[in-house]
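Undergrad: let me see the structure of the following:
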Amino acid sequence: MKMKHLFGGLFITGALALSSFTLLTDGYKAGDKAADFKLKNVDGKMVSMADYKTAKGFILAFTCNHCPFAKMYEQRIMDLDKKYASKGYPVIAISPNDPVTVPEDSYDNMVALAKEKKYSFPYLIDETQSVTKTFGATNTPHLYVVAKENGNLIVKYIGAIDDNAQDASKTTKHYVEDAVDALLAGKPVAVAQTKAIGCSIKWKKST
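TA: Residues are numbered from 1 along each chain as shown. Next up is the predicted model:
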């Protein structure tokens, strides 16, 4: 079988596909300093992490309207904000998909969904997909826990919300909750990265 050379010395067979987990190497890793952003919320206002003066950190959720996995995790994302926003770790949701490819993920549909579900957190559209690419998100949902440290935004966790997309009652590992609980207790995050399970992000077609 013909071998293919990728990434300056890493060899894989031509039949082996790179997983979304591998592709995280193109974005942030745990411990990296994250850049802030300014994206349009469903209320028409621009939102950035800098707006949250008293926050200790953030739970960033790259998610969307259409993906079945995003729908399965929607309530859990809502619950994360209800549990942790008052403790200093609010949720900021970001829709990364190209609405031309997936009309259900259009801004107007985002506005409608946020209103219907009474989101307690911002739901931002990454129109240029530049924030999504900077973070290295590949799936919906894809979660990042970011903590404020000495004036910087430090990535502490990347990956899945928990270990059971289909049934929240059967989860045995709560990755995001464990990460935030550790940070609130002043402890290191035990599991800093997992594989995000969900639909692939729908990128804009190059012209």
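Undergrad: every contact and neighbour count from this point should use C-alpha atoms.
TA: Noted.
Undergrad: after the strand or helix carrying residue 147 comes which helix or strand?
TA: Following DSSP states H and E, one finds residue 147 within strand 142-149. Reading on from strand 142-149 to the C-terminus, the next helix or strand found by DSSP H and E is strand 152-159.
Undergrad: which other helices and strands does that following strand contact?
TA: For strand 152-159, the packing partners by 3 or more C-alpha pairs under 8 Å, 6 or more residues apart in numbering; DSSP states H and E come out as strand 142-149, helix 175-184.
Undergrad: do that again at 6 Å, thanks
TA: The elements that strand 152-159 packs onto, with contact taken as 3 or more C-alpha pairs under 6 Å, 6 or more residues apart in numbering; DSSP states H and E, are strand 142-149.
Undergrad: CA atoms of the strand it packs on as PDB?
TA: Taking only C-alpha atoms (Å, rounded to 0.1, in the frame of the first residue of the first chain), the coordinates of strand 142-149 have been written out as PDB:
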ATOM      1  CA  HIS A 142     -17.000  21.000  20.600                       C
ATOM      2  CA  LEU A 143     -16.300  22.400  24.100                       C
ATOM      3  CA  TYR A 144     -13.400  24.600  25.400                       C
ATOM      4  CA  VAL A 145     -13.000  25.500  29.100                       C
ATOM      5  CA  VAL A 146     -10.900  28.700  29.300                       C
ATOM      6  CA  ALA A 147      -9.700  30.200  32.600                       C
ATOM      7  CA  LYS A 148      -8.500  33.800  33.300                       C
ATOM      8  CA  GLU A 149      -4.900  33.700  34.600                       C
END
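Undergrad: what bits of the chain have low per-residue confidence?
TA: Along the chain, the model assigns pLDDT under 70 to residues 1-25, 207.
Undergrad: can you give the contact residues for stretch 172-183?
TA: Surrounding stretch 172-183, the residues in contact under the criterion C-alpha atoms under 6 Å, 6 or more residues apart in numbering are 161-163, 189.
Undergrad: reformat those as CSV; add distance to residue 117, secondary structure and neighbour count.
TA: Listed next are the contacts of stretch 172-183 as CSV, based on distance: C-alpha to C-alpha, whole Å; DSSP: H, G, I helix; E, B strand; the rest coil; neighbours: other C-alpha atoms under 10 Å:
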residue, distance to residue 117, secondary structure, neighbour count
161, 19, coil, 26
162, 22, coil, 20
163, 24, coil, 18
189, 31, coil, 18
